[in-house]
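*Asks:* here are the coordinates; sequence isn't available:
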């Protein structure tokens, strides 16, 4: 192709009107072209106007409560039985730990074994990793601020990016692996997430570090809201921070909306 023809084709492609992702968009081609730099992106799709964005948001908010697609955790052998089978504890220690758990249901079996002195913190962490067939994270760099603190606290996890692969996020859990959180993080942050196991001590250190950080940009709505209230709240903050990109997903606990505009803001709605 002649260089001049190639340049002319490039200009035509650049000047071409974008396509709005809304099924009900009634904008004319010239309107789409005029809005090409002022539209909105929702979960990667482009919408030409606030009206088109609101229709798409409303559809997402209504669909999320169904929430039937989250991948359940695979069946795992109970931690106490696993440690008994490996000879780390004996039957008496397991019975004592179970009695302690019955007396205090909020404690996990691993915590009971640690309190009884039957196992060390390191043995507990390695046992959890074996239980879930996941690697152990012994140390981590600074936490990733893209993950809201409230979600980390609820699911007992820490988040950080890979050193050599920034498109990869590691989510370290100190016990139960929250698969719904992993799915939500991958959708909102547009990255691959790998779960791993961390010690409770390391997890608490990182969560405390995040709590002390200044400029935490997240809002948590603990009172359960209706779909219309959630939609109005998201729309209000889209306008307030002049957001041009929104990503929305849900875990088993929160509906999570992340907005990018004059600042980045996380909105968490208890569900």
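*Replies:* Right, received. Where do you want to start? On a predicted model such as this, the values are computed, not experimentally measured, just so you know.
*Asks:* helix, strand, or coil at the nearest residue to residue 271 once chain neighbours are set aside?
*Replies:* Computed as Cβ to Cβ, 6 or more residues apart in numbering, the closest residue to residue 271 that is not its neighbour in sequence is residue 255, at 5.4 Å. In short, each C-beta sits where N, CA and C put it, glycine included. At residue 255 the chain is in strand, as set by DSSP: H, G, I helix; E, B strand; the rest coil.
*Asks:* what's the burial count for residue 255?
*Replies:* By the measure other Cβ atoms under 10 Å, the count of residues near residue 255 is 24.
*Asks:* I'd say it and residue 233 touch.
*Replies:* No - if you go by Cβ atoms under 8 Å, residue 255 and residue 233 don't touch, sitting 10.5 Å apart.
*Asks:* joint contacts of the two?
*Replies:* Residues touching both residue 255 and residue 233 (Cβ atoms under 8 Å, 6 or more residues apart in numbering) are residue 269.
*Asks:* follow-up on the earlier one: mind listing what the residue nearest to residue 271 touches?
*Replies:* 61, 64, 230, 248, 249, 268, 269, 271.
*Asks:* partners of it in the sheet?
*Replies:* Beta bridges link residue 255 to residue 250, residue 269, judged by DSSP bridges.
*Asks:* in the host helix or strand of residue 53, what counts as buried?
*Replies:* With the criterion set as DSSP states H and E, the secondary-structure element containing residue 53 is helix 50-63. For helix 50-63, a neighbour-count test (16 or more other Cβ atoms under 10 Å) marks 52, 53, 54, 56, 57, 58, 60, 61 as buried.
*Asks:* and those as JSON lines, adding pLDDT and distance to residue 144?
*Replies:* Supplementary listing: the buried residues of helix 50-63 in JSON lines, determined by pLDDT from 0 to 100; distance: Cβ to Cβ, whole Å:
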{"residue": "52", "pLDDT": "94", "distance to residue 144": "32"}
{"residue": "53", "pLDDT": "94", "distance to residue 144": "27"}
{"residue": "54", "pLDDT": "93", "distance to residue 144": "30"}
{"residue": "56", "pLDDT": "94", "distance to residue 144": "27"}
{"residue": "57", "pLDDT": "92", "distance to residue 144": "26"}
{"residue": "58", "pLDDT": "91", "distance to residue 144": "30"}
{"residue": "60", "pLDDT": "87", "distance to residue 144": "24"}
{"residue": "61", "pLDDT": "87", "distance to residue 144": "26"}
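*Asks:* residues contacting stretch 230-246, please?
*Replies:* The set of residues external to stretch 230-246 that reach it, using Cβ under 8 Å, 6+ apart, is 38-43, 50, 53-54, 57-58, 61, 219, 221, 225, 248, 255, 257-263, 265, 267, 269.
*Asks:* for the stretch 151-271 of the chain, which segments count as helices?
*Replies:* 179-189, 200-212, 227-240 (DSSP state H, counting those that start in this stretch).
*Asks:* centre of the chain to the last one, how far?
*Replies:* In other words, helix 227-240. Averaging C-alpha coordinates over helix 227-240 and over its chain gives two centres that are 20 Å apart (Cα atoms, centre = their mean, to the nearest Å).
*Asks:* what angle sits between it and helix 50-63?
*Replies:* Helix 227-240 and helix 50-63 are oriented at 140 degrees to each other (axes from the mean of the first three to the mean of the last three Cα atoms, to 10 degrees).
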